[in-house]
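**Q** from the sequence below, what's the structure:
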Amino acid sequence: MRVLLTGWFSFRDGEATAGDVLALRRVEDVLERAGIPYEVVWSPGFRPGAPHLDQVRPEDYSHLVFVCGPLHGPQVEELHRRFAHCVRIAVGTSVVDSGTAAVTGFHRVLARDAPDAEPGRDLSARAPAGPARPVVGVILTHGQHEYARQRRHGQVADEVTRWLAGQDCARLELDTRLDTRDWRLSATPEQLESVLARLDLVVTDRLHGLVLALRAGIPALAVDPVVGGAKVTAQAHACGWPALLPAEGLDAGRLGTWWDWCLTSGPAAARRIRAEFLAGTRPDGADALPAALGWTQG
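**A** Residues are numbered from 1 along each chain as shown. Presented below is the predicted three-dimensional model:
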């Protein structure tokens, strides 16, 4: 017996969702426990280096298992034609129309939901759990044209996001802009702070991305997008925060070094700075404002 595991994550133009991949892991776990050999084929757009459907030889397999997703469409029907000699089973799938060729082509359908049938739990619910990954807020700006020739905002954003794509973490794009009409943005500072407080790390090239992260007691990997350093560098120094990189010194090695520091020593350092903020022991510009206004208490 040799089983080929497929799904919508296998098709060239298909997509891999978190639910689909977890359902696949549940099936893999069952097969491994049973001692049944199997292989998985992936979409080249999702995993370019993995085996793809158009690379495998159907005659090498005795069974084809289609995991998760809806059973419909020409891509599923093509599996029946190409793997006609295999025993074909669908598991954890949705059946919209039980009379279509995409459904009837399977020898057996272990559906999660189908017309006139009691629904079953999705396979992803019992998938083996992996270790939690860091949750990282990403706050970048492409603006600040006041820095003219010194600005490297686009370059910094490109390099940072390309590097971040290779990190094993959960990424959450955030913005410090407030908007009462756009549901994607926070409407109040408290809403944004509530998100920041639930993160493990913030990666930012914005002054307020740095300050608000530290205000929440969350470490920030800060990049100054202005050549020579500008307000992000000045604010990092004012706060006593060391995890800072210049635009002209940005590389994967230095990013990785500060990334590791932020996830190990950084949380304690960020909490200390948050405590300083709350204690208000260091003066800021607002303390000098009454005197600047010429105000004297009578």
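
**Q** burial count for Leu293?
**A** Counted by other CB atoms under 10 Å, the residues lying close to Leu293 total 8. From N, CA and C alone the C-beta is placed, and that goes for glycine too.

**Q** distance from the chain centre to the longest helix seen in the chain, please.
**A** Under DSSP state H, the helix in the chain containing the largest number of residues is helix 18-34. Here helix 18-34 shows a centroid-to-chain-centroid distance of 21 Å under the convention CA atoms, centre = their mean, to the nearest Å.

**Q** now the element after that helix, going C-ward?
**A** Read in the C-terminal direction, the helix or strand following helix 18-34 is strand 38-40, with elements assigned using DSSP states H and E.

**Q** give me the contact list for that following strand.
**A** 2-6, 10, 24, 28, 31, 50-51, 56, 61, 65 (CB atoms under 8 Å, 6 or more residues apart in numbering).

**Q** mind redoing it with 7 Å?
**A** The set of residues that contact strand 38-40 without belonging to it, under CB atoms under 7 Å, 6 or more residues apart in numbering, is Val3, Leu4, Leu5, Leu24, Leu31, Pro51.

**Q** Gly69 is in contact with the fourth one, correct?
**A** So that's Leu24. No - with contacts defined as CB atoms under 7 Å, Leu24 does not count as touching Gly69, sitting 10.5 Å away.

**Q** more crowded one of those two?
**A** Residue environment comparison for Leu24 versus Gly69 gives the larger neighbour count to Leu24, 25 against 22, counting by other CB under 10 Å.

**Q** where does the stretch 101-250 of the chain have low pLDDT?
**A** With pLDDT under 70 as the threshold, the stretch 101-250 of the chain has low-confidence stretches at 143-148, 151.

**Q** where along the chain do the strands fall?
**A** 3-6, 38-40, 63-67, 87-94, 108-113, 135-139, 170-173, 201-204, 220-224, 244-246 (DSSP state E).

**Q** strand 87-94 and the fifth one, what's the angle between them?
**A** Read that as strand 108-113. Using axes from the mean of the first three to the mean of the last three CA atoms, to 10 degrees, the interaxial angle of strand 108-113 with respect to strand 87-94 works out to 0 degrees.
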